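**Q** give me a 3D structure for the following:
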Amino acid sequence: MTVRVGILGATGAVGQRFIQLLDDHPTFELAAVTASDESAGKSYREAAKWRVDTPIPDDVAEMEVRRTAVDDVPEDLDLVFSSLPSSAAADVEPAFAEAGFVVSSNSSNDRMAPDVPLTIPEVNADHLGLIEVQRDERGWDGALIKNPNCSTITMTPTLAALDAFGLERVHVSTLQAVSGAGYSGVTSMEIIDNAIPHIGGEEEKMESESRKLLGSFDGAELSLHDADVSASCNRIPTLDGHLENVFAELAEDPSVDDVADAMREFPGIDLPSAPDPLIHVFEEPTRPQPRLDRMHGDGMAISAGGIQETSTGIKYNCLAHNTIRGAAGASVLNGELLVEEGWV
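**A** As a prediction, this is how the structure comes out:
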C-alpha cells in the first residue's frame, strides 16, 4: 500500500527532518511540499537552506514548492504532515481538515483541544477515537491529530511505565538542546558558555500535555490523568537531544529494579518507524547523555538511567532526540498509526 503525503512548512528545521525521515519510507510517498508565498514556485533546493546531516533526496530537491493553501496542493493526498508555526497552523490546519485532508501535526496549536487526539502511539493509541468526536462536532470529513511537545514526549513514555505503581506527582527539570528553538531561536552569543533558565510556554506544555497523554478515553470524552505535574525548562548549549531530570511520587513503593524493569518492558508498537525497545534503560549512573545516546532507535527511542529511590519516590534521567522523536518522527509515527488503524 502506498500512501501519498504532503508536508506543510517543508523548508524549516522540522520540515527538513520530515524530508529526511520520509526518504525511502516503506509506506509514504512524498507528493507535495509547501512553504511561504516567498518560496512558492522555487525548487525545494532553492527554497530550503538545508541543514540536516544527510543530503537532500534528489527527487525532493527538484520538487516545486507550493503555497501552503488548500487550493494549491493535490486533491489526492492521503495524509498531510504539518510543521507550520502555530500562529499559521491555527488557521491552516482546520482549513485542510475541513477540506477532507487528514493532518498529522507537530504544531502546538490545538494540542489541548478536547476533541483533538494528542498521541504517542505506544502510550495512548486508543485516543485516536477522538477523531469521530471531532468530525461530529466540527462537521468535517478530514481529521486533525497532534503529537506532543518535544520535552513532553521525552518524559511521558517513562511516566506511562511508572503509572503501574500509581503515579501521583511529578517534578521535572529539563536541559534542552538549541535545535528545539529553531535555527534563529537562540543566538550563539546567548547560549555559548551559558544556560538559559526559561523557555517561554514550555513548562505549561509539559504540565498539561503529559496529563492529557496519560488520560483515559471512554469513547466519547477524554479525562486528564490526575497526577500533579510541575516543570522547570532550561536551554543549554547542546545541539540535539533533550535531557530531563524527573522526580516521581508514587502510590506504591517500587524498588529501583522494579522501575527499571517496568521501563525496559514497557510495550512498543509494530509500526515502521517505532523503536524496539521503546525505552532503553542504562545501568550506568552517567547515562543517558545527549551526544552519546540521542540516536538510539534511529533517534526514535527514549533513554533512561540514573534511577534512584528518594524519600518520596523515584528519581531518574531521560533523554530523546528532540527533532526526530520529539517532532518530525513523532508525526510520522502518528501517520503510520493512522494508516494502521484505518483512518487513512
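**Q** Val229 and Thr174: what is the separation?
**A** 12 Å (Cβ to Cβ, to the nearest Å). Where C-beta positions appear, they are placed from N, C-alpha and C, glycine not excepted.
**Q** domains in the protein, by residue range?
**A** With domains defined by automatic domain parsing, the chain comprises 3-148+327-340, 150-322.
**Q** and the ones you listed as a markdown table, adding mean neighbour count and mean pLDDT?
**A** Formatted as a markdown table, these follow (neighbours: other Cβ atoms under 10 Å; pLDDT from 0 to 100):
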| stretch | mean neighbour count | mean pLDDT |
| --- | --- | --- |
| domain 3-148+327-340 | 20 | 96 |
| domain 150-322 | 19 | 97 |
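**Q** which residues touch Pro197?
**A** Ser232, Asn234 (Cβ atoms under 8 Å, 6 or more residues apart in numbering).
**Q** which residue ranges of the stretch 101-250 of the chain form helices?
**A** 121-124, 130-138, 150-162, 188-191, 202-213 (DSSP state H, counting those that start in this stretch).
**Q** report all helices and strands that the first one contacts.
**A** Other elements packing on helix 121-124 under the criterion 3 or more Cβ pairs under 8 Å, 6 or more residues apart in numbering; DSSP states H and E are helix 150-162, helix 329-340.
**Q** same thing but 6 Å
**A** Helix 121-124 sits against no helix or strand, with contacts defined as 3 or more Cβ pairs under 6 Å, 6 or more residues apart in numbering; DSSP states H and E.
**Q** CA atoms of it as PDB?
**A** In PDB, the C-alpha atoms belonging to helix 121-124 read as follows (Å, rounded to 0.1, in the frame of the first residue of the first chain):
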ATOM      1  CA  PRO A 121       1.300   5.600  19.600                       C
ATOM      2  CA  GLU A 122       3.000   3.400  22.200                       C
ATOM      3  CA  VAL A 123       1.200   5.200  25.100                       C
ATOM      4  CA  ASN A 124      -2.300   6.200  24.000                       C
END
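**Q** hmm, who's touching it?
**A** Pro157, Ala160, Leu213, Gly268, Ile269, Leu278, Leu333, Leu337 (Cβ atoms under 6 Å, 6 or more residues apart in numbering).
**Q** excluding chain neighbours, give the residue nearest to the last one in space.
**A** Residue nearest to Leu337 in three dimensions, not counting chain neighbours: Pro121, with 4.4 Å by Cβ to Cβ, 6 or more residues apart in numbering.
**Q** please report how far that neighbour lies from Leu128.
**A** 9 Å.
**Q** Ala304 pairs with what?
**A** Beta-bridge pairing for Ala304 (DSSP bridges): Val281, Cys318.
**Q** what are the bridge partners for the closest residue to Leu243 other than its chain neighbours, then?
**A** Leaving aside its chain neighbours, Leu243 sits nearest to Leu175 (4.4 Å; criterion: Cβ to Cβ, 6+ apart). Note on Leu175: beta-bridge partners Asn234, Leu243, judged by DSSP bridges.
**Q** for Leu175, what are its contacts?
**A** Asn234, Ile236, Leu243 are the contacts of Leu175 under Cβ under 6 Å, 6+ apart.
**Q** hmm, back to that, want to try CSV for the helices of the stretch 101-250 of the chain, with distance to Glu46 as columns?
**A** Putting the helices of the stretch 101-250 of the chain into CSV (distance: least, Cβ to Cβ, whole Å) gives the following:
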stretch, distance to Glu46
helix 121-124, 35
helix 130-138, 37
helix 150-162, 29
helix 188-191, 26
helix 202-213, 33
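**Q** nearest to Ala69, of these?
**A** Across these, Ala69 has its closest neighbour in helix 130-138 (19.7 Å, Cβ to Cβ).
**Q** can you list contacts of the closest one?
**A** Counting by Cβ under 6 Å, 6+ apart, Asp115, Pro117, Ala143 sit against helix 130-138.
**Q** please give me every residue in contact with the first one.
**A** For Asp115, the contacting residues are Leu130, Val133, Gln134, Glu137, taking Cβ under 6 Å, 6+ apart as the criterion.
**Q** repeat that for the second one.
**A** Contacts for Pro117 were tallied using Cβ under 6 Å, 6+ apart; they are His127, Leu128, Leu130, Ile145.
**Q** as a markdown table, those residues with distance to Ile199 would be great.
**A** Formatted as a markdown table, the contacts of Pro117 follow (distance: Cβ to Cβ, whole Å):
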| residue | distance to Ile199 |
| --- | --- |
| His127 | 26 |
| Leu128 | 29 |
| Leu130 | 28 |
| Ile145 | 25 |
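**Q** for Asp91, see how far away Gln134 is.
**A** Taking Cβ to Cβ, one finds Gln134 at 17 Å from Asp91.
**Q** doesn't Glu209 make contact with Thr152?
**A** Yes - when contacts are counted by Cβ atoms under 6 Å, Thr152 is listed as touching Glu209 (4.4 Å).
**Q** once you drop chain neighbours, what's closest to Val73?
**A** For Val73, the spatially nearest residue (Cβ to Cβ, 6+ apart) is Ala32, at 4.9 Å.
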